[in-house]
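Asks: Have a look; sequence and predicted model below, questions after that.
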Amino acid sequence: MNLLYHFPLRRFKIKNQSMEPFLKDGDTILVMKYFFLKPKVGDTIIFNHTTFSEREKAKPTDQSLRKFTPPHIFAKRITKILDNKFWVEGDNKKLSYDSRKFGYINKKSILGKVICKI
């Protein structure tokens with residue numbers, strides 16, 4: 001049995017600028033798994049999003065889009081909760097790929113809540 005799998009904290013590295021200035025590209029964060037906590041508006045969370053690949057939607061001439069390969073892990077802030085679905089947005093509106101583009105996420109997609117930068 002892998003004890004680290006059952007440990008309630010996980011470490012992640014931020015790989016984009018969508019949550020600046022709060023979280024910067026290259027920051028390392030500590031995340032509490034959500035089965036220990038109830039998600040609420042204002043929480044910064046880490047979640048999987050597998051319904052999207054910009055590679056599939058990009059035009060062949062559009063080189064500006066990132067090439068995500070599902071599943072992709074995102075860090076965003078919960079701004080609304082509706083029927084156990086969560087609207088998430090990045091703090092950096094210009095660079096954030098978030099619910100304004102892909103809609104609400106399900107609770108089962110949430111990996112945990114950011115509790116600190118390390």
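Replies: Received, thanks. It should be emphasised that the depicted structure is a prediction, and the values quoted were computed from it without experimental measurement.
Asks: ok, now which ones touch N106?
Replies: Shown in contact with N106 (Cβ atoms under 8 Å, 6 or more residues apart in numbering): N84, K85, F86. Backbone N, C-alpha and C define where each C-beta goes, glycine included.
Asks: same thing with F12?
Replies: Here F12 is in contact with T28, I29, V31, I46, I73, A75 (Cβ under 8 Å, 6+ apart).
Asks: Who are the packing partners of the strand ranked longest in the chain?
Replies: What stands out as the longest strand in the chain, according to DSSP state E, is strand 72-82. If contacts are counted by 3 or more Cβ pairs under 8 Å, 6 or more residues apart in numbering; DSSP states H and E, strand 72-82 sits against strand 44-49, strand 85-89.
Asks: pLDDT of the last one, averaged?
Replies: Going back to what we said before, that points to strand 85-89. On average, the pLDDT along strand 85-89 is 96.
Asks: for stretch 109-118, same thing?
Replies: 91.
Asks: which ones are touching the closest residue in space to K80 that isn't next to it in sequence?
Replies: In space, and not counting its chain neighbours, K80 is closest to W87: 3.8 Å by Cβ to Cβ, 6 or more residues apart in numbering. Counting by Cβ under 8 Å, 6+ apart, W87 makes contact with I78, T79, K80, I81, S99, Y104.
Asks: If we use 10 Å, what do you get?
Replies: Counting by Cβ atoms under 10 Å, 6 or more residues apart in numbering, W87 makes contact with 41, 76-81, 98-100, 103-105.
Asks: roughly how far apart are the closest residue to I118 other than its chain neighbours and A75?
Replies: Sequence neighbours aside, T28 is the residue nearest to I118 in space, at 5.1 Å (criterion: Cβ to Cβ, 6+ apart). T28 is 12 Å from A75, where distance means Cβ to Cβ, to the nearest Å.
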